[in-house]
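In: Take a look and give me a structure for this.
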Amino acid sequence: MIHNCKVNNMITFQRENCAQVIQDIQPLLVQHWEEVANYKDTIKLNPDFNKYLNLEKKNLLVIITCREDTTLIGYSIFFLYKHLHYQDHLFASNDVLFLIKSARKGRQGIKLIRESERILKTLGVLRLSFHVKPKNDFSPILSRIGYGKEEIIMGKLLGESHGL
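Out: You can find the predicted model right below:
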């Protein structure tokens, strides 16, 4: 199912399936990883597209894309789940959100988030969450459109190089 929401003559936001975007998304994933990844020397980018495809087959994955004409310029990917504490409700957790740098001017990011919200709501999602990396903090944008800080995630790399 693809839903097009025309924003102007050239930029569109739509739900696409994983098989449709695998080829287009790979160069953007590399740009995204270069920009935001922690521990790049130790943890290399290597997406498991088969798992993404399998999650999508189980209706547990939603991909919203941003295209300029037919060129992919951004994406927002969500995992859908019934929370272990709240089994009566469908939740969505953002896996990745990315727009190429030239598309970040104006309101394209907000439009991508808003279209994602709209589509997820039609699927029955009650609660949506985004994680924000400190080096690419877009929490002020999320705050402006109604999101609030709910949790802080801390991380640590484990392994031989760190004395373990």
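
In: This structure: strands as residue ranges?
Out: 4-6, 11-16, 61-68, 71-82, 90-99, 125-129 (DSSP state E).

In: got those strands as TSV, with mean pLDDT and distance to Gln26 columns?
Out: C-beta coordinates here come from the backbone N, C-alpha and C atoms, glycine included. Converted to TSV, the strands of the chain look like this (pLDDT from 0 to 100; distance: least, C-beta to C-beta, whole Å):
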stretch	mean pLDDT	distance to Gln26
strand 4-6	51	23
strand 11-16	96	14
strand 61-68	97	13
strand 71-82	97	10
strand 90-99	97	12
strand 125-129	97	26
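
In: Quick one: closest of those to Tyr39.
Out: Among the strands of the chain, the nearest to Tyr39 by C-beta to C-beta is strand 90-99 (16.6 Å).

In: re the thing from before, for Leu157, find the nearest of the strands of the chain.
Out: strand 90-99 (19.9 Å).

In: other SSEs contacting the closest one?
Out: helix 18-36, strand 71-82, helix 108-122, strand 125-129 (3 or more C-beta pairs under 8 Å, 6 or more residues apart in numbering; DSSP states H and E).

In: Strand 90-99 and the last one, what's the angle between them?
Out: Spelled out, that is strand 125-129. Angle, strand 125-129 to strand 90-99, by axes from the mean of the first three to the mean of the last three C-alpha atoms, to 10 degrees: 40 degrees.
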